[in-house]
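prediction below, plus the sequence it came from.
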Amino acid sequence: MDIITRAQWGAGPKRGSDVSSKLPWGEVVIHTEAGPQRSPASLGTEMGWIRAIEAFHVGPERGWDGIAYSFLIAPSGRVFEGRGWGRSGAHTEGRNSTAAGFCFLGHGDKWPATDAQWSSTRGLIGEGIRLGKLQRRPKISGHKDYSQKGKTCPGTLIYPLLQAKLAGIDGPTGPVAPTGPSIGDDDMSQAQYDELHRLILETRGEAAAARGEAAAAGLRAAHCEQLLAEVQAQGKQYYGSLRGWAVAIANKLGVDRADAVANDPTSKP
Ligand SMILES: [Zn+2]
């Protein structure tokens with residue numbers, strides 16, 4: 001699955017010592033950011049959120065060695081590397097070296113997690129098992145299970161769903177799209193095919209619009225280049241996961257196969 005690495009989102013240098021004992025971890029502890037309302041946003045915007053969380057965690061108020069969590073999951077479904085697999089976190093007293101800590105961006109007492117967040121988290125757990133970083137069927141907990149301070153984390157709208165959504169995963173869960181419907185395997189419904197087809201067309205439309213703007217407004221070329229780069233980055237994510245599905249969709253819907261795959265917005269105009 002696609003994970004936005006520390007280098008990609010611009011993490012600061014690692015501090016402190018790496019502690020990587022007790023892999024594979026047998027547990028995943030889920031957290032909420034307890035931040036403002038988050039909606040699916042551009043990659044650049046979301047990377048800014050992650051950098052801000054890091055700045056808070058390493059700043060004077062917390063003074064930790066880095067961003068507290070192992071991974072962070074945005075409402076768009078994008079997954080951001082925090083400390084990553086095998087490095088002790090600063091997320092859960094008593095579980096920092098024996099469990100992965102996943103943070104759902106947003107605020108779980110105020111807004112529910114998105115389908116994309118749940119889907120990507122399942123994908124991330126599957127990926128951890130595939131890599132040997134997590135035990136199969138890892139125990140799923142919420143931060144409140146270990147808090148002596150009356151915390152509600154990961155929040156009253158997320159905690160009650162943890163077991164139903166995340167327990168019992170015993171291997172890779174298949175490709176996970178950054179946004180849109182979850183993709184399991186070959187038995188996609190017609191509605192899912194249609195939704196994926198729509199997403200691909202939408203991405204193509206955004207890329208075309210950005211190119212048009214760039215061509216029409218020479219004076220604002222730098223701004224347009226930025227827009228184009230953003231759309232291309234999003235397109236790359238879609239197509240990284242969905243190129244194979246595009247062919248399947250084209251076959252299923254009778255769309256010209258070449259047309260469905262040739263207009264990759266990541267390619268040059
Ligand atoms: Zn927490």
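Received, thanks. Numbers count the residues shown, from 1 in each chain.

tell me where the stretch 51-200 of the chain has strands.
With DSSP state E, counting those that start in this stretch as the criterion, the stretch 51-200 of the chain has strands at 71-73, 79-81, 99-104, 134-142.

packed most tightly, which of those strands would that be?
strand 99-104 (a mean of 28; mean count of other CB atoms under 10 Å). C-betas here are computed from N, CA, C, even on glycine.

contact partners for A113?
Counting by CB atoms under 8 Å, 6 or more residues apart in numbering, A113 touches 75, 104, 106, 157-158, 161.

same check, this time on Q37
Going by CB under 8 Å, 6+ apart, Q37 touches 106-107, 110-111.

buried subset of the residues you listed?
Burial by neighbour count, judged by 16 or more other CB atoms under 10 Å, picks out 106-107, 111 from the contacts of Q37.

in CSV: these, plus distance to I4 and pLDDT.
Converted to CSV, the buried ones among the contacts of Q37 look like this (distance: CB to CB, whole Å; pLDDT from 0 to 100):
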residue, distance to I4, pLDDT
G106, 17, 97
H107, 21, 97
W111, 22, 96
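
now those as JSON lines including distance to the ion?
Listed next are those as JSON lines, based on distance: CB to the ion, whole Å:
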{"residue": "G106", "distance to the ion": "13"}
{"residue": "H107", "distance to the ion": "12"}
{"residue": "W111", "distance to the ion": "16"}
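
other SSEs contacting whichever strand or helix holds G44?
G44 is part of helix 43-58, with elements assigned from DSSP states H and E. Helix 43-58 makes packing contacts with strand 3-4, helix 6-9, strand 79-81, helix 221-253 when contacts are defined by 3 or more CB pairs under 8 Å, 6 or more residues apart in numbering; DSSP states H and E.

try 10 Å
strand 3-4, helix 6-9, strand 71-73, strand 79-81, helix 221-253 (3 or more CB pairs under 10 Å, 6 or more residues apart in numbering; DSSP states H and E).

among these, which gets the worst mean confidence?
For the helices and strands packed on helix 43-58, mean pLDDT drops lowest on helix 221-253, to a mean of 59.

is it correct that G150 is in contact with H143?
No. G150 is beyond contact range of H143, at 11.5 Å (criterion: CB atoms under 10 Å).

more neighbours, the two?
The neighbour count for G150 versus H143, taken as other CB atoms under 10 Å, is higher for H143 (23 against 6).

now do the same contact list for that one.
Going by CB atoms under 10 Å, 6 or more residues apart in numbering, H143 touches 29-32, 91-93, 95, 101, 103, 108, 151-155, 159.

with K151 instead?
Listed by CB under 10 Å, 6+ apart, the contact set of K151 reads 31-32, 34, 142-145.

repeat for F80
3-6, 8-9, 11, 46-47, 49-51, 53-54, 67, 69, 71-74, 103, 105 are the contacts of F80 under CB under 10 Å, 6+ apart.

W64: neighbouring residues, count only.
Using other CB under 10 Å, the number of residues around W64 comes to 18.

just the buried residues from the contacts of H143, in ChimeraX please.
Restricted to buried positions by 16+ other CB under 10 Å, the ChimeraX selection for the contacts of H143 reads:
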select :29,30,31,32,91,92,95,101,103,108,151,152,153,154,155,159
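
picking that back up, could I get the contacts of A113 as a markdown table with distance to R137?
Output for the contacts of A113, formatted as a markdown table (distance: CB to CB, whole Å):
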| residue | distance to R137 |
| --- | --- |
| P75 | 26 |
| F104 | 21 |
| G106 | 27 |
| L157 | 25 |
| I158 | 20 |
| L161 | 18 |
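
if we can go back for a sec, turn the strands of the stretch 51-200 of the chain into a markdown table, including distance to the ion.
Listed next are the strands of the stretch 51-200 of the chain as a markdown table, based on distance: least, CB to the ion, whole Å:
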| stretch | distance to the ion |
| --- | --- |
| strand 71-73 | 12 |
| strand 79-81 | 16 |
| strand 99-104 | 7 |
| strand 134-142 | 8 |
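
what distance do you get for G168 to the ion?
Per CB to the ion, to the nearest Å, G168 is found 23 Å from the ion.

contacts only, for the closest residue to that residue other than its chain neighbours.
Nearest residue to G168 in three dimensions, chain neighbours excluded: R137, at 5.6 Å (CB to CB, 6 or more residues apart in numbering). Going by CB under 10 Å, 6+ apart, R137 touches 26, 125, 129, 167-171.
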